[in-house]
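In: what's the 3D shape of this:
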Amino acid sequence: MVISLKKFYPYLYCLIISILFIFIASKCSILYQINDWVDANAFFTVGKSMMRGIVPYQSLFEQKGPILYFIYGIGSLVSYKSFFGVFLLEIISFSFFLYYAYKILILYTKKENAYFIIPILSLLVVSLKAFTHGGSAEEFSLPFLMYSFYKLILYLKEENSSNISIKDLLINGLIAGIILLIKYTLLGFWFGFMLIIIIRLIKDKKYQEVILKSLIFLLGMIIACLPWLIYFGV
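Out: The predicted structure is shown next:
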């Protein structure tokens, strides 16, 4: 039982660090009486409206993507008159970001060093301009970015350029679609992600795989977008 519990230590550690830093750094936290950031209030208004059947871009307009509003909408189901629900989602999001950062770190260093670096990384991230108020599109994109970065590093450690599974390509395509529907200007990393794979395949003259793997990635993006196309179509 002790051995099995040790498997959860990284999750718990990242969760605790996430709670501590989000509690202090985000204005959605219960530490603050109000969140006076205009953007967060706009996201929250659109998100709450979505949960009540009002269609974004038709009855309400804001320039971010619908998944960001959906995240705020879920937060409003927890706490309609405050940002407490969004605060909880921030903690979950940042926890996953830190966990995959931890998984990257232990590829290159000891676990003890990784545990030491995680709080430093958290401090650096919450000090960024995009994290000034908390609840930003960039913040909710972080776990997706770190997961894809982790998968890319694993791929680059393999000598065989074909050694990336259909599952990984599909999931990363799905993630790219999600990012497209949060804030499309953040998609640059995933262009690079696929460009690296394509260049390696071309270098090894695996031209058919270039087409196949690109189509699988695009399929993931389409799957992410399809529910929203249906939603707005209806």
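
In: in this protein, what secondary structure element scores lowest on mean pLDDT?
Out: Using mean pLDDT, DSSP states H and E, the weakest-scoring helix or strand in the chain turns out to be helix 2-6, at a mean of 64.

In: How is the residue lying farthest from the centre of the chain assigned, secondary-structure-wise?
Out: Residue farthest from the centre of the chain, counting by C-alpha atoms, centre = their mean, is Lys205 at 33.2 Å. When classified by DSSP: H, G, I helix; E, B strand; the rest coil, Lys205 comes out as coil.

In: roughly how far apart are it and Phe193?
Out: Distance, Lys205 to Phe193, using C-beta to C-beta, to the nearest Å: 21 Å. All C-beta spots, glycine's among them, are computed from the backbone N, C-alpha and C.

In: What of Leu186?
Out: 13 Å.

In: So those two - more neighbours on which side?
Out: Neighbours were counted for Leu186 and for Phe193 using other C-beta atoms under 10 Å; Phe193 has more, 22 against 18.

In: In this model Asn172 seems to touch the more buried one, though I could be wrong.
Out: Yes - using C-beta atoms under 8 Å, Phe193 is in contact with Asn172, at 6.4 Å.

In: so what sits against both of those two?
Out: Common contact partners of Phe193 and Asn172 (C-beta atoms under 8 Å, 6 or more residues apart in numbering): Ser148.

In: tell me the SS of Asn35?
Out: Going by three-state DSSP: Asn35 is coil.

In: Skipping adjacent residues, who's closest to it in space?
Out: Spatially, and ignoring its direct neighbours in sequence, Asn35 is nearest to Lys27 (4.1 Å; C-beta to C-beta, 6 or more residues apart in numbering).

In: Can you check the pLDDT for the one you found?
Out: The model reports Lys27 with a pLDDT of 96.

In: Can you tell me the element it falls in?
Out: Assessed by DSSP states H and E, Lys27 sits outside every helix and strand.

In: Would you mind measuring from it to Ile182?
Out: Distance from Lys27 to Ile182, counting by C-beta to C-beta: 19 Å.

In: If you count surrounding residues, which of these two has more?
Out: The neighbour comparison of Lys27 against Ile182 (other C-beta under 10 Å) goes to Ile182, with 23 against 18.

In: Wait, a strand at the more buried one?
Out: No - the assignment for Ile182, made by three-state DSSP, is coil rather than a strand.

In: hang on, isn't it packed against Phe70?
Out: No - Ile182 is beyond contact range of Phe70, at 9.5 Å (criterion: C-beta under 8 Å).

In: Pull the contacting residues for the residue farthest from the centre of the chain.
Out: Listed by C-beta under 8 Å, 6+ apart, the contact set of Lys205 is empty.

In: Spell out, range by range, the strands that occur in the protein.
Out: With strands called from DSSP state E, the chain shows none.

In: quick one, helices of it?
Out: Ranges of helices within the chain are 2-6, 9-25, 38-51, 66-78, 84-105, 111-126, 137-156, 166-180, 188-203, 207-233, based on DSSP state H.

In: Would you mind giving the ones you listed as JSON lines with distance to Tyr32 added?
Out: Listed next are the helices of the chain as JSON lines, based on distance: least, C-beta to C-beta, whole Å:
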{"stretch": "helix 2-6", "distance to Tyr32": "35"}
{"stretch": "helix 9-25", "distance to Tyr32": "10"}
{"stretch": "helix 38-51", "distance to Tyr32": "11"}
{"stretch": "helix 66-78", "distance to Tyr32": "15"}
{"stretch": "helix 84-105", "distance to Tyr32": "10"}
{"stretch": "helix 111-126", "distance to Tyr32": "14"}
{"stretch": "helix 137-156", "distance to Tyr32": "16"}
{"stretch": "helix 166-180", "distance to Tyr32": "28"}
{"stretch": "helix 188-203", "distance to Tyr32": "31"}
{"stretch": "helix 207-233", "distance to Tyr32": "32"}
